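Peer 1: Provide a 3D model corresponding to the input given below.
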Amino acid sequence: MRERLEPLLLRMAMPTHTAESFVEFEASALRVEAATSPGEFLECDHDFHQALMAGATTIRLHDTVDHLWNLTHYYRRQLLAPNGVTRRSRRADIFAEHRMILRAVIDGDVESAEAMLALHIRHTRKLVELYPEVFTHSRAGGPERTC
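Peer 2: Sure, this is the predicted structure:
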């Protein structure tokens, strides 16, 4: 659902973006890249996505996308670190995808921005589908209980 709704929200927000917005988007992308801990990374990543969609005036869609973001937070955190299954971190891909989304937004290319954002979200979903064993040690997004 997020794969469909977040790009729609971006489409709705893009007409409201200004030169000042673009400067903030760039700064936000740099903060994601500079993050040193998984928690900081995820917080900055969320801020980047929120900034891109900030101009859209539909509160219900914003709330829905935010709810979906929160539901998938655990999976994104698990994919940040290299592990024995996926063999590498998702971080470098995220940086490149953010840059492509940002370029399309700055260029005013709504279709490409939507497509890149959908692809960005899809990559994480596909990794979750391909490597479910990375996530099987948990229940409801938390650590497995031993007692």
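Peer 1: elements contacting the longest helix along the chain?
Peer 2: Secondary structure of the chain per DSSP state H: the longest helix is helix 110-130. If you count contacts as 3 or more C-beta pairs under 8 Å, 6 or more residues apart in numbering; DSSP states H and E, helix 110-130 packs onto helix 2-13, helix 73-78, helix 91-107. No exception for glycine: its C-beta is placed from N, CA and C like everyone else's.
Peer 1: how far off helix 91-107 does that helix point, in degrees?
Peer 2: Interaxial angle, helix 110-130 versus helix 91-107 (axes from the mean of the first three to the mean of the last three C-alpha atoms, to 10 degrees): 160 degrees.
Peer 1: buried ones in helix 110-130?
Peer 2: The neighbour-count check on helix 110-130 (16 or more other C-beta atoms under 10 Å) flags Val110, Ala113, Glu114, Met116, Leu117, Ala118, His120, Ile121, Thr124, Leu127, Val128 as buried.
Peer 1: ok, stretch 30-49 next?
Peer 2: Buried, per 16+ other C-beta under 10 Å, within stretch 30-49: Arg31, Val32, Ala35, Phe41, Leu42, Cys44, Asp45, His46, Asp47, Phe48, His49.
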